[in-house]
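**Q** build me a model:
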Amino acid sequence: MSAEAQVGLGDKLGRMRRSFRGWRGQRPFWGGLLTLLGGIPIMYFPYANLTLGTMTIRMATTAGAGSLIIGVLLVVLGLTMWFQPHSRVFAGVAAILLGLVSLVVSNFGGFVIGFLLALIGGALGVSWAPARPAGEPAKGGAKGSGDPVDDGAPEPAAAAAAGRTSGEQDDLSGTSPTNGTNGRHRAG
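**A** So this is what the prediction gives:
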């Protein structure tokens with residue numbers, strides 16, 4: 001390989017790394033990965049054989065098919081978090097529930113390894129939120145930005161300028177404590 005080929009290869013790897021980093025930042029990557037990894041021991045251990053010398057220990061349970069289904073579903077939910085990030089809340093809650101069910105069905109949730117991975121991965125999937133664009137301010141404005149936060153309450157100076165007292169409410173719906181309706185509407 002020539003020096004020019006190595007420089008081009010490094011540049012290409014750098015672009016691929018940056019591209020993967022951008023892809024990873026747009027979805028609950030770690031939640032999906034942990035959920036996917038949590039499904040593997042749950043579906044593997046009920047079908048595994050452990051050989052100690054000449055003795056074979058089979059860890060099969062009566063719920064082997066249930067363990068396989070739970071493990072496959074966790075793998076699918078992990079992939080769903082990656083490739084359908086808008087359904088991350090459903091996938092996260094389903095992963096948490098399947099992780100809890102695996103405690104009973106599948107050798108204590110794949111000897112607690114799969115259970116913990118599915119639980120943490122599901123929680124990360126539920127809690128992940130997409131990043132805001134760089135120019136968009138946070139909801140309600142940033143502290144110290146100089147912009148007043150509009151909480152919906154009328155300003156005292158604006159109320160006095162409109163000819164009202166500051167304690168009087170500007171209620172156009174006709175449902176205020178002053179006229180006795182207290183927010184309730186009559187049906188007829």
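**Q** which residues does the host helix or strand of residue 117 contact?
**A** Counting by DSSP states H and E, the element that carries residue 117 is helix 113-127. Applying C-beta atoms under 8 Å, 6 or more residues apart in numbering, the contact partners of helix 113-127 are 28, 30-42, 45, 71, 74, 77-78, 81, 88-89, 91-96, 98-100, 102-103, 106, 108-109. Using the backbone N, CA and C atoms, a C-beta is placed for each residue, glycine as well.
**Q** now, of those residues, which are buried?
**A** Buried members of those, counted by 16 or more other C-beta atoms under 10 Å: 28, 31-42, 45, 71, 74, 77-78, 81, 88, 91-92, 94-96, 98-99, 102-103, 106, 109.
**Q** take these and keep only those in helices.
**A** 31-42, 71, 74, 77-78, 81, 88, 91-92, 94-96, 98-99, 102-103, 109 (DSSP state H).
**Q** low-confidence regions, this protein specifically.
**A** 1-8, 59-62, 137-188 (pLDDT under 70).
**Q** let's see that with 80 instead.
**A** 1-9, 48-50, 57-63, 107, 132-188 (pLDDT under 80).
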